[in-house]
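# okay, here's the prediction I keep looking at, along with the sequence it came from:
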Amino acid sequence: MNFWLVKSEPTTYSWQLFKEQGKAKWDGVRNYQARNYLMQMKKNDQVLFYHSNIGKEILGLAKVISEAYPDPTTPEKQWVAVDLVPVEEFKKTVKIEQIKAEIKLKDVLLIKQSRLSVMPLTKEQFDILYQMTK
DNA sequence: GCCAACGTTGGC
DNA sequence: GCCAACGTTGGC
């Protein structure tokens, strides 16, 4: 079991829309580092969903239901997509300031490499973030 | 709206 | 292969 965090601008694709649709194709990624992480995702991996720009918070938990396949939004062969489904909506979201304020989360790539849109979390990082929603 | 960070492109 | 220029992202 692996743990991930994916980022989306709510004006582009929001958690609310994800929840309504009940499933998302995580496509359109055009960054090699993010692409490489998408390719490592396995079925049932846990994925935290973060809103960048507006909100700047983790709103919910998703899981992987389809592992990487060719991205249908481009004819270029090098890009991939995965399918995610919502699992849980957090009553308490986790704001970026809270993440920054927690010393144990200082190595989370969201902080260190803010432009990356798909990133791995260690189990410890995931557990701490998840606890912060309770 | 600004700017830092960073990825990509293209000239050499 | 290097690096300047440029575009994009995202926090503030």
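It's in.
# give me every residue in chain A lying close to DNA strand B.
Neighbours of DNA strand B within chain A, by CB under 7 Å from any atom of the strand: A:31, A:32, A:33, A:112, A:113, A:115, A:116. No exception for glycine: its C-beta is placed from N, CA and C like everyone else's.
# Produce a PyMOL select command limited to the buried residues of those.
Here is the PyMOL command that selects the buried residues among the residues of chain A next to DNA strand B (16 or more other CB atoms under 10 Å):
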select buried, chain A and resi 116
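# of the residues of chain A next to DNA strand B, which are in range of DNA strand C?
Okay, of these touching DNA strand C (CB under 7 Å from any atom of the strand), that's residue A:115.
# export the residues of chain A next to DNA strand B as a markdown table, with columns for secondary structure, pLDDT and distance to residue A:81.
Formatted as a markdown table, the residues of chain A next to DNA strand B follow (DSSP: H, G, I helix; E, B strand; the rest coil; pLDDT from 0 to 100; distance: CB to CB, whole Å):
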| residue | secondary structure | pLDDT | distance to residue A:81 |
| --- | --- | --- | --- |
| A:31 | coil | 93 | 13 |
| A:32 | helix | 92 | 15 |
| A:33 | helix | 93 | 16 |
| A:112 | helix | 90 | 25 |
| A:113 | coil | 92 | 21 |
| A:115 | coil | 91 | 20 |
| A:116 | coil | 94 | 17 |
